[in-house]
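In: for reference, the sequence and a predicted model appear below.
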Number of protein chains: 2
Amino acid sequence: MQCWIISIGDELLIGDTINTNASWMAQLLSEYGVEVERIVTLKDDLSVLKETISDALDSVDLVISTGGLGPTHDDVTKTAVTDLFDTELIVHEPTLSFIKKTFKKRNIPFSKSNHLQAKVPADSEVLFNEQGTAPGLWLEKNNSILVVLPGVPYEMKHLMQKKVLPKLRKLLNGNVVRKARYLLTSGIGESTLSDEVVGDLSSYFNENISVAYLPSTQGTRIRVRARGSSEEDVENKMRPVIEHLKKSAGEYIVGEGKDLHLAKVLGELMTEKNLTMATAESCTGGLLGSKVTDIPGSSRYMKGGIIAYANEVKVKELDVEAEDLQKYGAVSKVVALQMAKGIAQKMGADIGVSTTGIAGPEGGTREKPVGTVWIGFWNRDQHFAIKGEFTKDRWVNKERSVFVALEMVRRILLNISEMPYGLQKQTV
Amino acid sequence: MQCWIISIGDELLIGDTINTNASWMAQLLSEYGVEVERIVTLKDDLSVLKETISDALDSVDLVISTGGLGPTHDDVTKTAVTDLFDTELIVHEPTLSFIKKTFKKRNIPFSKSNHLQAKVPADSEVLFNEQGTAPGLWLEKNNSILVVLPGVPYEMKHLMQKKVLPKLRKLLNGNVVRKARYLLTSGIGESTLSDEVVGDLSSYFNENISVAYLPSTQGTRIRVRARGSSEEDVENKMRPVIEHLKKSAGEYIVGEGKDLHLAKVLGELMTEKNLTMATAESCTGGLLGSKVTDIPGSSRYMKGGIIAYANEVKVKELDVEAEDLQKYGAVSKVVALQMAKGIAQKMGADIGVSTTGIAGPEGGTREKPVGTVWIGFWNRDQHFAIKGEFTKDRWVNKERSVFVALEMVRRILLNISEMPYGLQKQTV
């Protein structure tokens, strides 16, 4: 099955919004063996929409659009579909009553433009949207399928997973089986991983199997894809490659899964070992705590943290020595060490993690340029800090610090002595 | 001038890479008054490329492609261009010697496929690439321009800024002037804003002026675009609409600017009023602190915060009454109020902000479903909490809580009595 994705919205064409929806859908569809042939981003313009959707339906079996379903005058996707399918808009009662209920709960007056949200083309199957006011639509014409989804990412994702994929799965049955497996690695650069650790994989490759390295903020994901005549056949084809990867890159592999998060794996380890942690953050300003608590159930092991932005907070709340702050500066090994120990003791946690660095864009010096970050660790057995030298970008520096910190803790919990990116443990 | 951006590469169609190149270019081009009409993402397929580039050159004045310039067999962009312009590939000597020098420096053997990198279509102007081995190309045909750039983001950006824009600027001179202004609103729904607050704007509209509502996590941005014969002419055309918007939506408008962030505006207000703040976070787990400290210079007004995930931390660090925790639960007005006051006093800050809620997916009850979040505020004059009822999605709930909290503080600082989304201030 071949597919075009059509992303609709002026905000995408002036660069205000990055089109993450299209990538997310493309990845999911690829996994199910749907080949995404083209992604087209268009403005909210009736004639352009009609022309492109029509062109798409002539070219491929499946067309999925997102966006342009809002209540304002510049949202014209539904009009385009109604025109193209030569039908009319009718009220979809379940959606109407759901919208009314939602508005009542939130105490928002129900206006005329909201009424329009509940209207759908007469020939469409409604994909009921429990997460928002714009329902999805499924239409068929000359053997091609048009799926119309809202542009709000979590609504689109909900409808893709709960409504669109189950229907597609039925249609795809009986075809070639395709599968992908993902191994997440962390704390090692992509080229070191591929060239020095994993090495040459070409002897495993043929038209039915492929491997790709996909870098991300958390670390590099290794994707193994294969196709075959059955689930079992595909698994058998993948096994030797997966075994090679696990054998060669073992310690760097955080776990398996496409959407696997380092914080999730860390949480599982913390739970398994019945340990608790606490965070003391300066340059990351709360981002480390936020990533840890992005994981449902993190309250089992996350006691809490202190965002010690001001130096007085470091002294008063984390027992950092005022004298050392003066002598070594807030961005120093000594302060990172004291912060990690201070937070663990204060919160009664088994593990304390700290960050202190120069996020930028200002504040760098020749000795401590922007991007210099100290990450501290304390537990009953170990007390050390590692020093990262990251980028000039404030936001990248915050993210990198957080993921290096998470990977540092993961390695400690697994008794892996090497620290992320080969950084050296430095003690008092 | 109207433009299509063509992004080339299989990795974009399987969702491995998010197309940030296209957004970056679209934003830059929009600023220069170039209207990006369409972004098309295609695979490395010769016939598809030829067809789409040809189509693009027929439709608009400017076509920019990125990607497909590498040395491997699946990179076919140069072949497509050579075919379309009915020309041939010739060696570009300066590029060839630059590549050879680069390889020598890096100690990499110079292979035949690298030689191909230095070949360009005979009719093209070479945009010399100091950052990599694939040069950019500038070609013209029937009054339309085709710019061919590499897909590596920093190479593309370098060539856009140093080579493409200076050439475009000359062409754009003396043409129609186009401008866009953006007003960021917060704490009000898109449809309420457009239907009830701003009202009908159609009397202002004509072919030279348009208004769009662009929703985002922070709030709705209102974009006003106009074109005219001079900067002054454009400003004059925009003025009545901007005045209408400011008059009708005044209190909801956070400020003006395309990339304006609520946290930035809040930071300016805090600095101006010489105030300090501190945060006490339960359900947002550090995200509020992180957003506040995303702003360079936030150390001037952000003292720090406590991530009080465990109840014992709420009691010990924030002086929440254990009895009240027991009686009302952690997600309650009483606890939110105590957290806000507790953190302000502990950190010696003028303002304390707290969040406590059920982020989900687990932990909801009939009385307190997932998405219930209390946001507390304390300063010397006011002490209250507001109750949000958000979504079923953990991550969305964290984000919403943070932006409602930031907007709440902004409104207090400006003596605006209405709280975000009309939520009621609740006191002890």
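Out: Looks like it arrived, so ask away. Residues are numbered from 1 along each chain as shown, chains lettered A, B, ... in the order given.

In: look up phi and psi at the most centrally placed residue in chain A.
Out: Residue closest to the average C-alpha location in chain A (Cα atoms, centre = their mean): residue A:259, at 6.9 Å. Note on residue A:259: backbone dihedrals following degrees, to the nearest 10 are phi -110, psi 20.

In: how many other residues sit next to residue A:27?
Out: 20 (other Cβ atoms under 10 Å in any protein chain shown). In this view, the C-beta of every residue, glycine as well, is placed from N, C-alpha and C.

In: surely it and residue B:15 touch.
Out: Yes - contact criterion Cβ atoms under 8 Å: residue A:27 and residue B:15 qualify, at 2.8 Å.

In: so how far is residue B:227 from residue A:215?
Out: The gap separating residue A:215 from residue B:227 is 41 Å, by Cβ to Cβ, to the nearest Å.

In: over to residue A:240?
Out: In terms of Cβ to Cβ, residue A:240 sits 61 Å off from residue B:227.

In: distance between stretch A:356-363 and the chain's centre?
Out: Computed by Cα atoms, centre = their mean, to the nearest Å, the chain-centroid distance of stretch A:356-363 equals 25 Å.

In: buried residues, it. List them.
Out: A:356, A:357, A:358, A:359, A:360, A:363 (16 or more other Cβ atoms under 10 Å in any protein chain shown).

In: can I take it that the first one is in a helix?
Out: No - with the criterion set as DSSP: H, G, I helix; E, B strand; the rest coil, the secondary structure at residue A:356 is strand rather than a helix.

In: that one reaches residue A:329, doesn't it?
Out: No - contact criterion Cβ under 8 Å: residue A:356 and residue A:329 do not qualify, at 9.2 Å.

In: what residues are shared contacts of the two?
Out: Jointly contacting residue A:356 and residue A:329 under the rule Cβ atoms under 8 Å, 6 or more residues apart in numbering or on different chains are residue A:335.

In: can you spell out which helices and strands pack onto the lowest-mean-pLDDT helix or strand in chain A?
Out: When the helices and strands of chain A are scored by mean pLDDT, DSSP states H and E, helix A:112-117 comes last with a mean of 78. Using 3 or more Cβ pairs under 8 Å, 6 or more residues apart in numbering or on different chains; DSSP states H and E, the elements in contact with helix A:112-117 are helix A:93-106.

In: rerun that using 10 Å as the cut-off
Out: Packing partners of helix A:112-117 (3 or more Cβ pairs under 10 Å, 6 or more residues apart in numbering or on different chains; DSSP states H and E): strand A:89-91, helix A:93-106, helix B:190-191.

In: averaged pLDDT, the shortest one. What do you get?
Out: Mean pLDDT, helix B:190-191: 88.

In: picking up where we left off before, so which of residue A:240 and residue B:227 has more stuff around it?
Out: residue B:227 (19 against 13).

In: skipping its backbone neighbours, what lies nearest residue A:28 in space?
Out: The shortest distance from residue A:28 to any non-neighbouring residue, by Cβ to Cβ, 6 or more residues apart in numbering or on different chains, is to residue A:160 (6.5 Å).

In: quick one: the one you found is in a helix?
Out: Yes - counting by three-state DSSP, residue A:160 is located in a helix.

In: what's in contact with the strand or helix carrying residue A:239?
Out: Using DSSP states H and E, residue A:239 maps to helix A:231-249. Contacts to helix A:231-249, defined as Cβ atoms under 10 Å, 6 or more residues apart in numbering or on different chains, come from residues A:176-181, A:183, A:185, A:188, A:193-194, A:196-199, A:201, A:203-206, A:208-211, A:220, A:222, A:224-228, A:230, A:252-253, A:256.

In: these, buried ones only, as a PyMOL selection?
Out: Listed next is the PyMOL selection for buried residues among the contacts of helix A:231-249, using 16+ other Cβ under 10 Å:
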select buried, chain A and resi 177+178+179+180+181+183+185+188+193+194+197+198+201+204+209+210+211+220+222+224+225+226+227+228+252+253
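
In: contacting residues for the residue nearest to the centre of chain A?
Out: A:27, A:182, A:184, A:221.

In: same thing with residue A:277?
Out: A:266-267, A:270, A:289, A:292, A:298, A:301-305, A:343-344, A:347, A:349-353, A:379, A:409.

In: so which bits of the stretch 301-428 of chain A are right by chain B?
Out: A:301-314, A:316-318, A:330, A:346-349, A:359-363, A:394-395, A:398, A:402 (Cβ under 10 Å from any Cβ of the partner chain).

In: and for the residue nearest to residue A:204 when sequence neighbours are not counted, the neighbour number?
Out: Spatially, and ignoring its direct neighbours in sequence, residue A:204 is nearest to residue A:241 (4.8 Å; Cβ to Cβ, 6+ apart). The tally of other residues near residue A:241 (other Cβ under 10 Å) stands at 20.

In: gap between the two ends of stretch A:199-216?
Out: Counting by Cα to Cα, to the nearest Å, you get 20 Å between the two ends of stretch A:199-216.

In: nothing else from me, thank you.
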